[in-house]
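S.K.: pasting the sequence and the predicted coordinates here, then a few questions.
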2 protein chains.
Amino acid sequence: METYYRTHPCGELDREDVGREVVLNGWVQKRRDLGGLIFLDLRDRSGMVQVVCNPEVSAEAAAFADRVRGEYVLAIKGKVVARAEGTVNPKMKTGEIEIQAEELNILNEAKTPPFLIEDDTDVEEPVRLKYRYIDLRRPVMQRTLMLRHRAMQVARRFLDQRDYIEVETPMLTKSTPEGARDYLVPSRVHPGQFYALPQSPQIFKQLLMVSGMERYFQIVRCFRDEDLRADRQPDFTQIDIEVSFLETEAFLSMMEEMIAEIFRETIDVEVPRPFPRLTYREAMEKYGSDRPDLRFGMELVDLSEIAKDSSFKVFASTVASGGQVKAINVKGQAGWSRKEIDGWEAVSKELGAKGLAWMALREGGNKGPVAKFLSDAEWERVREATGAETGDLLFFVADQPRVVADVLGELRLRLAQELNLIPEGVYRFAWVTDFPLFSYDEGEGRYYAEHHPFTSPLEEDIPLLKTDPGRVRAKAYDMVLNGYEIGGGSQRIHRREVQEAMFEALGFTIEEAREKFGFLLEAFEYGAPPHGGIAFGLDRIIMLLAGRSNLRDCIAFPKTASASCLMTEAPSPVTDRQLDELHIALRKENSVKK
Amino acid sequence: METYYRTHPCGELDREDVGREVVLNGWVQKRRDLGGLIFLDLRDRSGMVQVVCNPEVSAEAAAFADRVRGEYVLAIKGKVVARAEGTVNPKMKTGEIEIQAEELNILNEAKTPPFLIEDDTDVEEPVRLKYRYIDLRRPVMQRTLMLRHRAMQVARRFLDQRDYIEVETPMLTKSTPEGARDYLVPSRVHPGQFYALPQSPQIFKQLLMVSGMERYFQIVRCFRDEDLRADRQPDFTQIDIEVSFLETEAFLSMMEEMIAEIFRETIDVEVPRPFPRLTYREAMEKYGSDRPDLRFGMELVDLSEIAKDSSFKVFASTVASGGQVKAINVKGQAGWSRKEIDGWEAVSKELGAKGLAWMALREGGNKGPVAKFLSDAEWERVREATGAETGDLLFFVADQPRVVADVLGELRLRLAQELNLIPEGVYRFAWVTDFPLFSYDEGEGRYYAEHHPFTSPLEEDIPLLKTDPGRVRAKAYDMVLNGYEIGGGSQRIHRREVQEAMFEALGFTIEEAREKFGFLLEAFEYGAPPHGGIAFGLDRIIMLLAGRSNLRDCIAFPKTASASCLMTEAPSPVTDRQLDELHIALRKENSVKK
């Protein structure tokens, strides 16, 4: 029998099509045999439609239908008819009609799949990943991939319309001594030498600015051979952007517009602009995080001023030794049992705190270890600062600022989840700015560039480069959404004297800098324009858009946490001949070979 | 001085802007000092404009201008004024105006670049590649990259509009035993195991069809570790497409439309459709090539029938032993000297011919070694077949068909170049179809799949799979343009019995096939739809669109013929620590290390 090609997608037929002759192609979702009639639910990318095979209409079609099983691929020729009154299915888009089969062609048979093709599944993820081609038949996976497709098209169109040029940067590039761990590729032509897969196109996009391309973008794969977490993949996709001769404010506003357009066109959400701004310092102070989730309050309150004179020794001595005392107000939870509170203390200790002090504002008076140490005047100040009312529970952490931020920042998130304080379908964007330019490595006794050594300091902090590098703030900006960093960028240094001061602060001579950053530095001597840029994490944006919690659900063929592909079984051993050609050998202890 | 950001691009100002206050940013193309006035040509991506620094307008700007050298980056604030009558430059788009500088800010200084920023350059390519960031400032390079950008946007928009979904496929995948040589990536987490960089997303796009994605595309980087030729790169970009449930004719027509849209929107050329079709056999017979250049004639003419009874023994015996005698008619070149003809014979021998017979149709009669062996009747038939007239020159090759095709096919191209027969700005597309499904390996005494073992045979040739595989034609199609293959695709096998016959012809048992093609074959058992697809070579298409002859001129940061990047010096040695982490060692003879 010949192959019939479809005239219509299954999922888009409705009442208006009644009487139409159609050819459909698709997979059998379900087959039911009801008193001689065979009903088939036929599924394609667009949706599902019911097909009736009636031997009185076509004995041949009905006979073929009898052989059909789930996931068989069919071509069906037939007529769209209205369903009888009682059989209309209002839950299906095509529920008012069905197809009366006149011809039925089995395009392909199928073994029984390892799991059902439906949105809700309790199949273990490893099984889904091994049979990814079946997993991707589930409508929810198809919707996610289509959303990803749409987001990419919108981003590119937006940038194209604003004269950004898509340029492909090299995938086989040079291994750099700093940054994350590189994936390496041995060279066959150059024995003993290696390419590195790019961690990002950072250097190339800056070179494109030196080239006068002015506006660059690319949706590009990047590679980092780091130990994976739930929300990491060995390779990931960036929307990568760089621009010359554009003021930072105008650029940030354009990026807000791009993200808003993506949200509008993929999930029909109108994102309010401009996005609020928080300095790094404000974010750390109020939320204990540089990527705060702004969908709820429960801000961190600094009580150090009050605590420093308190009779509670732990508080006073912490402040005296340069630490902080901060609190969060868990509204309405004064009634928690000692056991519940102990649970949260255990969490705090896991997160690095020495302990978790608390005070419950019960009807009968304040309870908990902190209560008795506070004078009335102190308590009044604490009450005012935290906005605490009867019925509330205060948690206190006293420690070095980093620990306080880590512990209370994370407690804030977990409490909000526990207490259901996070509204669904809400998208709270912000820019976090003014990041520190350097971090100090105690062990090595030197400063490191927090981003990279080409990130520009704030104008007003340039003098501090020589006197107090730790206080220099960067012209760096992260876009955060609902507790995730979704993009990060910066203005780059383009003035030689600033670059030199930067290297000096990092403890490099110009010669050392040249050795580390060679050709980029050389390029900067031939007329680098003022420039800056940003990179967005596409995978994470899709995860948030699709309302998923697992990054792997947003990638067609993802890797596991051990960087394996369960479907293809990559990585895998290779032949001796392949190794010989690449001039490498396995270490003796690992002589796994094909 | 503060950084001024531009209000206008340099190259777009004209008479209409006279009187306007503007800020421009760009690079100094040229600086001339004429009697106290300093003239600067300021260049940005959009073009160039002349700036006049007159100390009477601004002493400060003029003083800064005095310090300026070529490729300095400037911000200029000034007024657009009309040029004086005699100084209008009709060759410049902005030649009717100039900018009277009121403020001038040196955004960055520049060393003297190693070569001038202009379209025509005689700089050696290695210098251009080392200083690629300067090379890319040349307007011709910027135009090529912008054309590439535009072509990509048009292709994606076209496919998006037709419901193709862009899906990113894995970059770290599994090494396959067949095909070209893989680039390998050692795994740190799995000692002794390797990823391969994808040679193409072939398997993944077919799996996406099994997944019911129905229409897929991706503009994607592919990797092949082969010895490079002038028109090859270790990584290259494909427009990769796959579709289910669509008839081949409709698909080919859609692909023609896509290519036509790219030509229309990038170089404003209207491509006639439908494209002519040639079978593989016709292409080989008429042009000696499966990617014929159709911009000129000089077709190969088969004279075997005439030659087989000829008294010219070389001809007769060649045909008797299964060979061919074919000729091309070099119009109007009967006057070539013996020396010139000997030159072409030498070329033919380099190409694999045993010799090159010829006949010059001079006024005084036919000259050359073939002439005397042809009877009048034979000559009459040759004359008719070749369309030869007085003044023409015939070249003959007698050999096995493969050699005849190779030699005359290549002679045809070189003669056309030599004789300037190839019109410029002409684009002659065609589809070459009906490729052989198999090639026979004499050494191993077995058939190999010419494309891959999932390529569908022509329906009518399926019975031949068992009886005469060498004659089976594939449902494969190449798009050719001006002598280049720019795309290649096929309908895939989706019926199990055909797949089994295919494996049988290849000499595999099902078990062996499963070992070689594992998960793809398994996937095919769960309901594979009829599907097919194509991949276009983007780099080559851009080369043809941009009218360049060097593929490297169409890639921002290309590799050399030895797969090196002269700018970054990749590949390069890596540290012992990196090798240790990857569980590999260098072969002793190659202990080049950092």
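M.R.: All right, it came through fine.

S.K.: give me the contacts around the longest helix belonging to chain A.
M.R.: What stands out as the longest helix in chain A, according to DSSP state H, is helix A:139-161. With contact meaning C-beta atoms under 8 Å, 6 or more residues apart in numbering or on different chains, helix A:139-161 is reached by A:45, A:47, A:117-119, A:135-136, A:166, A:215, A:217, A:219, A:239, A:241, A:257-258, A:261-262, A:265-267, A:538, A:541-542, A:545-546, A:548, A:553-554, A:556, B:149, B:153, B:156-157, B:160, B:165-167, B:212-213. Where C-beta positions appear, they are placed from N, C-alpha and C, glycine not excepted.

S.K.: narrow the residues you listed to those in helices?
M.R.: Reading helices off the contacts of helix A:139-161 with DSSP H, I get A:135, A:257-258, A:261-262, A:265-267, A:538, A:541-542, A:545-546, B:149, B:153, B:156-157, B:160.

S.K.: just the buried ones from these?
M.R.: Buried members of the ones in helices among the contacts of helix A:139-161, scored by 16 or more other C-beta atoms under 10 Å in any protein chain shown, are A:135, A:258, A:261-262, A:265-267, A:538, A:541-542, A:545-546, B:149, B:153, B:156-157, B:160.

S.K.: check which residues of the lengthiest strand in chain A are buried.
M.R.: As assigned by DSSP state E, the longest strand anywhere in chain A is strand A:21-34. By neighbour count on 16+ other C-beta under 10 Å, the buried set for strand A:21-34 is A:22, A:23, A:24, A:25, A:26, A:27, A:28, A:29, A:31.

S.K.: and those, which is closest to chain B?
M.R.: Closest approach to chain B among the buried residues of strand A:21-34 (C-beta to the nearest C-beta): residue A:25, at 4.1 Å.

S.K.: so the closest one touches residue B:245, yeah?
M.R.: Yes - at 4.1 Å, residue A:25 counts as touching residue B:245 under the criterion of C-beta atoms under 8 Å.

S.K.: overlap of the contact sets of the two?
M.R.: Residues touching both residue A:25 and residue B:245 (C-beta under 8 Å, 6+ apart) are A:5, A:6, A:44, B:529.

S.K.: are any of those residues buried, and which?
M.R.: A:6, A:44, B:529.

S.K.: show me which of these is closest to residue A:520.
M.R.: For those, the residue nearest residue A:520 by C-beta to C-beta is residue B:529; the value is 48.6 Å.

S.K.: can you give me the distance of the closest one to chain A?
M.R.: 5 Å (C-beta to the nearest C-beta, to the nearest Å).

S.K.: look at that residue and give its secondary structure.
M.R.: The three-state label for residue B:529, taken from DSSP: H, G, I helix; E, B strand; the rest coil, comes out as coil.

S.K.: look up the closest residue to it, ignoring the ones flanking it.
M.R.: Spatial nearest neighbour of residue B:529, excluding adjacent residues (C-beta to C-beta, 6 or more residues apart in numbering or on different chains): residue B:244 at 4.1 Å.

S.K.: tell me, how many residues neighbour the one you found?
M.R.: Residue B:244: 30 surrounding residues under other C-beta atoms under 10 Å in any protein chain shown.

S.K.: so it makes contact with residue B:531?
M.R.: Yes - Residue B:244 lies in contact with residue B:531 (C-beta under 8 Å); the separation is 4.3 Å.

S.K.: and residue A:430, backbone torsions?
M.R.: Backbone torsions for residue A:430, taken as degrees, to the nearest 10, come to phi -160, psi 160.

S.K.: what is the orientation angle of the helix or strand harbouring residue A:78 with strand A:21-34?
M.R.: Under the criterion of DSSP states H and E, residue A:78 resides in strand A:73-82. With axes from the mean of the first three to the mean of the last three C-alpha atoms, to 10 degrees defining the directions, strand A:73-82 sits at 90 degrees from strand A:21-34.

S.K.: what about the stretch 351-500 of chain A, any weak spots by pLDDT?
M.R.: Along the stretch 351-500 of chain A, no part satisfies pLDDT under 70.

S.K.: need the residues of it near chain B, please.
M.R.: A:494, A:495, A:496 (C-beta under 8 Å from any C-beta of the partner chain).

S.K.: I'd say the first one and residue B:107 touch.
M.R.: Yes - judged on C-beta under 8 Å, residue A:494 makes contact with residue B:107 at a distance of 6.9 Å.

S.K.: mind listing the strands for the stretch 251-400 of chain A?
M.R.: For the stretch 251-400 of chain A, the strands defined by DSSP state E, counting those that start in this stretch cover A:277-279, A:301-302, A:324-330, A:357-362, A:365-367, A:393-399.

S.K.: with mean neighbour count added, can I get these in JSON lines?
M.R.: Below are those laid out as JSON lines (neighbours: other C-beta atoms under 10 Å in any protein chain shown):
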{"stretch": "strand A:277-279", "mean neighbour count": "17"}
{"stretch": "strand A:301-302", "mean neighbour count": "19"}
{"stretch": "strand A:324-330", "mean neighbour count": "25"}
{"stretch": "strand A:357-362", "mean neighbour count": "21"}
{"stretch": "strand A:365-367", "mean neighbour count": "15"}
{"stretch": "strand A:393-399", "mean neighbour count": "26"}
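
S.K.: who touches both of residue A:494 and residue B:107?
M.R.: Common neighbours of residue A:494 and residue B:107 (C-beta under 8 Å, 6+ apart) are A:529, A:530, B:73.

S.K.: tell me how many other residues crowd residue A:468.
M.R.: Using other C-beta under 10 Å, residue A:468 has 11 other residues around it.

S.K.: err, residue A:305, not the other one
M.R.: Neighbours around residue A:305, by other C-beta under 10 Å: 11.
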